[in-house]
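[1] build me a structure from this.
(one chain, ligands or ions: 1)
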Amino acid sequence: MAKTIDLDRLYTDALVWDAHAGVFPSPEVDLNLLDDWRRAGADYVSINVGFDVMDWQDTLATLAAYRRWVVDRPGDFVLVNRVEDIEDARGEGRFALSFDIEGMNALNGDLNMVSLYHALGVRQMLFAYNLNNAAAGGCHDDDGGLTEFGRAVVREMNRVGMIVDCTHAGYRTTLDIMHESNRPVVFSHSNPAAIWQHQRNIGDEQIRACAATGGVIGLNGMGIFLGDNVIDTDTMQRHVSYVSDLVGPEHVGIGFDYSPAIDVDIGVILRSRPDYWPAGQQYDTRGIKHAGPALLPELIAKLAAAGFGESELRGFLGENFKRVAASAWQ
Ligand SMILES: [Zn+2]
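    Numbering: from 1, shown residues only. So this is what the prediction gives:
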């Protein structure tokens with residue numbers, strides 16, 4: 001008979017790592033929204049300070065504002081430098097975070113910007129945001145693969161210690177990135193296209209290539225990437241189980257892409273830039289739903305019922321992404 005797992009205890013003492021928040025970055029954002037993660041029992045989140053839709057100067061301004069907010073609250077928050085900082089923060093009851101950037105327009109074509117961003121707390125970068133840029137091809141564009149500049153950025157990210165992230169890039173570019181990187185590579189917030197066909201979702205070959213680097217695929221909680229705008233935990237369980245069955249449970253994690261501060265319909269923003277969020281990709285859906293960390297206890301119960309064991313659940317909740325970070329952030 002299978003051993004019964006005490007899921008309440010497991011969730012309480014497991015490391016909970018959300019590899020990407022989907023807050024629209026701006027210096028005006030009130031980071032008290034991080035309380036949503038803390039209340040849900042999460043220990044760490046990577047929050048984006050920019051994406052290709054913004055000018056690079058606005059990314060720096062957002063980074064400056066977020067950074068100041070975090071370092072002004074040392075009793076409650078830790079800006080992570082190394083993986084050990086996250087375990088230390090847990091022990092002290094503090095919440096850990098670092099920053100990511102979605103797309104390389106933020107580099108302004110200058111390789112020197114990688115180490116600057118690293119010094120300021122960015123620990124994960126994506127190459128493109130849906131459309132092509134000077135480094136890479138996007139998932140909603142005619143992807144020509146990683147450029148010479150993009151290859152140099154991969155090597156520089158490996159060197160300075162940032163997680164190389166393939167989410168939002170095009171198919172060919174993602175394979176180029178994984179070939180170039182000498183560290184594990186992630187898809188921080190991408191779902192399998194085999195479960196829901198969408199240009200933002202990824203194919204089996206990409207999932208296998210990611211796993212072969214030692215990387216992790218993070219479950220995205222947006223209803224239009226999970227299905228026909230659904231966010232129930234049965235649907236999420238199917239996405240997680242699919243990736244786990246394909247490449248192993250040590251290669252799945254969480255990247256909910258969640259934003260708590262949705263006082264406007266997220267669709268209003270998406271419809272405002274049909275170049276970055278093109279027609280025919282559900283972005284015009286009214287009332288796009290969004291699963292967040294509060295659903296995690298219910299989700300792990302579904303995963304346990306689907307056959308995930310205790311160490312596999314701990315891997316999914318955080319240990320898998322922690323393993324990647326421990327390698328990338330050296
Ligand atoms: Zn994203």
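
[2] list the buried ones in the one helix or strand in the chain whose mean pLDDT sits lowest?
    Counting by mean pLDDT, DSSP states H and E, the weakest-scoring helix or strand in the chain turns out to be helix 266-272, with a mean of 78. Residues of helix 266-272 classed as buried by neighbour count (16 or more other Cβ atoms under 10 Å): 266-267, 269-270. Glycine gets a C-beta too; all of them are placed from N, C-alpha and C.

[3] also stretch 195-205?
    Going by 16+ other Cβ under 10 Å, stretch 195-205 has these buried residues: 195-196, 198-202.

[4] over to stretch 119-126?
    For stretch 119-126, by 16+ other Cβ under 10 Å, it's 121-126.

[5] what of stretch 51-68?
    51-54, 56, 58-63, 65-67.

[6] list of residues touching that stretch?
    Applying Cβ atoms under 8 Å, 6 or more residues apart in numbering, the external contacts of stretch 51-68 come out as 25-27, 29, 31, 47, 49-50, 79, 99, 101-108, 113, 117, 120-122, 128-131, 133, 273, 276.

[7] with adjacent residues omitted, what lies nearest to Trp329?
    Counting by Cβ to Cβ, 6 or more residues apart in numbering, Trp329 lies nearest to Gly161, which is 4.7 Å off, once chain neighbours are set aside.

[8] next: Ala326.
    Sequence neighbours aside, Val83 is the residue nearest to Ala326 in space, at 4.6 Å (criterion: Cβ to Cβ, 6+ apart).

[9] picking that back up, between the buried residues of stretch 119-126, which is nearest Leu317?
    Taking Cβ to Cβ as the measure, Leu317 sits nearest to Gln124 out of the buried residues of stretch 119-126, at 18.2 Å.

[10] who does that closest one bridge with?
    On the basis of DSSP bridges, Gln124 is bridged to Asp100, Ile163.

[11] quick one: it from Thr62, how far?
    15 Å (Cβ to Cβ, to the nearest Å).

[12] and what of Asn229?
    Asn229 sits 28 Å away from Thr62, going by Cβ to Cβ.

[13] what does Gly50 give?
    Gly50 is 6 Å from Thr62, by Cβ to Cβ.

[14] and for Leu79?
    Taken as Cβ to Cβ, the span from Leu79 to Thr62 is 15 Å.

[15] how about Gly292?
    Taken as Cβ to Cβ, the span from Gly292 to Thr62 is 21 Å.
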